[in-house]
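>>> Predicted model and sequence follow; I will ask about them next.
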Amino acid sequence: MSELPKPRPLAAVIKELRLDQSQEEFAATVRARTGKKITGGAISQIERGKIAAKLDTIEAIADAGGVSHDEIAEHRLALARALLDEREVGVDVALGRLSLIEETLLQAAGPRGPREVAPAGSSGQPTQATRRAARKPRGA
């Protein structure tokens with residue numbers, strides 16, 4: 001199994017791809033290269049985190065900039081949501097896919113059983129405040 005590239009936030013990818021283009025110019029580039037109807041205003045809102053881009057918009061932006069979809073963090077999450085959306089794929093299919101994901105996670109956990117997964121970008125280590133709170137009895 002090949003290693004996926006480390007995902008980057010969509011806003012950072014857009015800013016990198018735009019280079020010296022305005023948001024409207026970048027939107028025109030996306031429209032010209034992919035046919036996706038997108039405005040400079042939408043690009044601005046995505047960059048500022050005001051709106052979440054839909055899967056097809058993320059893919060159009062990546063395609064226009066020659067970036068792998070897997071490099072964009074939101075693409076992975078949007079794809080997972082689409083694969084599990086019972087309105088789109090049906091309840092039985094969504095539950096079947098969820099079961100496969102759960103089995104995979106349990107297998108990856110190994111003999112020690114499931115454990116909490118650290119958020120992306122964190123060390124997974126408890127902070128000093130967390131360690132202190134764990135030692136201090138309640139009400140003391």
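Arrived safely, thanks for sending.

>>> Would you tell me which helix is longest in this protein?
Scanning the chain for the helix with the most residues, using DSSP state H, yields helix 91-109.

>>> How about the backbone phi and psi for I72?
Phi and psi for I72, reported as degrees, to the nearest 10, are phi -100, psi 120.

>>> Read off the pLDDT value for it.
Per-residue confidence (pLDDT) for I72: 90.

>>> Check L106 too.
The model reports L106 with a pLDDT of 86.

>>> same thing with S122?
In the prediction, the pLDDT value recorded for S122 is 47.

>>> ok, now V93?
pLDDT for V93: 94.

>>> which residues touch it?
For V93, the contacting residues are E86, by CB atoms under 8 Å, 6 or more residues apart in numbering. Where C-beta positions appear, they are placed from N, C-alpha and C, glycine not excepted.

>>> how about 10 Å then?
Shown here is V93, whose contacts under the criterion CB atoms under 10 Å, 6 or more residues apart in numbering are L83, L84, D85, E86.

>>> Identify, from these, the entry nearest to L98.
Taking CB to CB as the measure, L98 lies nearest L84 of those, at 6.1 Å.

>>> tally of neighbours for that closest one?
Neighbourhood size, L84 [other CB atoms under 10 Å]: 15.
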